[in-house]
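Enquirer: coords please:
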Amino acid sequence: MSTPDRSPVDQSVLVDRLRQLDTCAISDALDTLGIVGVPLGPRPVWPVRRVVAGLVRTVQAGPRRSDGPADHIAAAAVDRSGPLHVLVIANEGRTDVSCWGGILSRAAVNRSIAGVVIDGACRDAGESDALDFPVFARAVVPVSARGRVVQLSMDEPVAFGDLWVAPGDYVIADVNGVAFVPAGYADLVIDLAERIVAREADMAAAVDEGRPVSVVMHDSQFPTVESDRS
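Expert: Residues are numbered from 1 along each chain as shown. The predicted model follows:
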């Protein structure tokens with residue numbers, strides 16, 4: 001599906017709606033629509049208690065190719081991003097070297113960036129915690145990127161595990177993990193996820209009222225793409 005040409009206002013509205021949900025609701029909506037968008041592995045590297053969501057800004061990391069000076073990985077992405085953005089750093093799942101650290105977290109906080117999701121490792125998890133900057137990664141290691149890993153590109157589609165993620169897609173991350181929403185399906189996925197959350201609130205109330213959970217949890221109680229549209 002081609003990426004819709006949404007205005008910044010429309011993107012902001014979608015991000016606000018996404019931030020009211022969680023990864024479980026988005027995962028259920030993606031499942032219902034037959035969209036694969038959940039990478040297995042990335043976790044919060046400190047106990048992030050809130051939902052992190054926003055527009056994807058991609059960074060491709062890779063091995064250093066020369067001995068000359070190079071821009072630090074993700075630094076330019078931080079400088080060009082703001083409150084709507086979540087940075088997505090693709091480093092082929094490498095866990096032997098960090099591609100995000102405390103100075104980048106500090107700069108990201110100064111830019112009000114929502115968070116960072118890494119297909120790889122980070123370091124300085126305690127510093128990110130102290131800064132209250134959410135970092136989701138596959139591992140935490142003390143090994144610096146400097147001299148080892150550099151930024152190869154920015155704002156281009158990247159492979160994240162078995163998924164492809166494009167700049168302008170949407171991402172949500174919380175204690176349960178990470179989910180990506182392709183931009184072209186964002187309205188449909190978020191709309192369905194909101195109906196799933198509403199239905200689950202009704203189911204929770206029914207359980208509290210004493211209805212058998214075997215009845216409440218039956219497949220027939222879950223919304224489909226077309227059901228419950230107002």
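Enquirer: for the lowest-mean-pLDDT helix or strand in the chain, buried residues please.
Expert: Here the helix or strand of the chain ranked lowest by mean pLDDT, DSSP states H and E is helix 213-216, holding a mean of 85. If you call a residue buried by 16 or more other C-beta atoms under 10 Å, then helix 213-216 has these buried ones: V216. Every C-beta, even on glycine, is put in place using the N, C-alpha and C of the backbone.
Enquirer: which helices and strands does it pack with?
Expert: helix 186-208 (3 or more C-beta pairs under 8 Å, 6 or more residues apart in numbering; DSSP states H and E).
Enquirer: just the CA trace of the helix it packs on, in PDB.
Expert: Provided in PDB are the C-alpha atoms of helix 186-208 (Å, rounded to 0.1, in the frame of the first residue of the first chain):
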ATOM      1  CA  ALA A 186      -2.800   3.500  10.400                       C
ATOM      2  CA  ASP A 187      -6.400   4.700  10.400                       C
ATOM      3  CA  LEU A 188      -7.800   1.200  10.000                       C
ATOM      4  CA  VAL A 189      -5.500  -0.400  12.600                       C
ATOM      5  CA  ILE A 190      -6.000   2.400  15.200                       C
ATOM      6  CA  ASP A 191      -9.800   2.400  14.700                       C
ATOM      7  CA  LEU A 192     -10.000  -1.400  15.200                       C
ATOM      8  CA  ALA A 193      -7.700  -1.300  18.200                       C
ATOM      9  CA  GLU A 194      -9.900   1.400  19.900                       C
ATOM     10  CA  ARG A 195     -12.900  -0.900  19.400                       C
ATOM     11  CA  ILE A 196     -10.900  -3.900  20.800                       C
ATOM     12  CA  VAL A 197     -10.000  -1.800  23.900                       C
ATOM     13  CA  ALA A 198     -13.700  -0.800  24.400                       C
ATOM     14  CA  ARG A 199     -14.800  -4.400  24.000                       C
ATOM     15  CA  GLU A 200     -12.200  -5.600  26.500                       C
ATOM     16  CA  ALA A 201     -13.300  -3.000  29.000                       C
ATOM     17  CA  ASP A 202     -16.800  -4.400  28.700                       C
ATOM     18  CA  MET A 203     -15.400  -7.900  29.100                       C
ATOM     19  CA  ALA A 204     -13.500  -6.900  32.300                       C
ATOM     20  CA  ALA A 205     -16.700  -5.400  33.700                       C
ATOM     21  CA  ALA A 206     -18.600  -8.600  32.900                       C
ATOM     22  CA  VAL A 207     -16.000 -10.700  34.700                       C
ATOM     23  CA  ASP A 208     -16.200  -8.400  37.700                       C
END
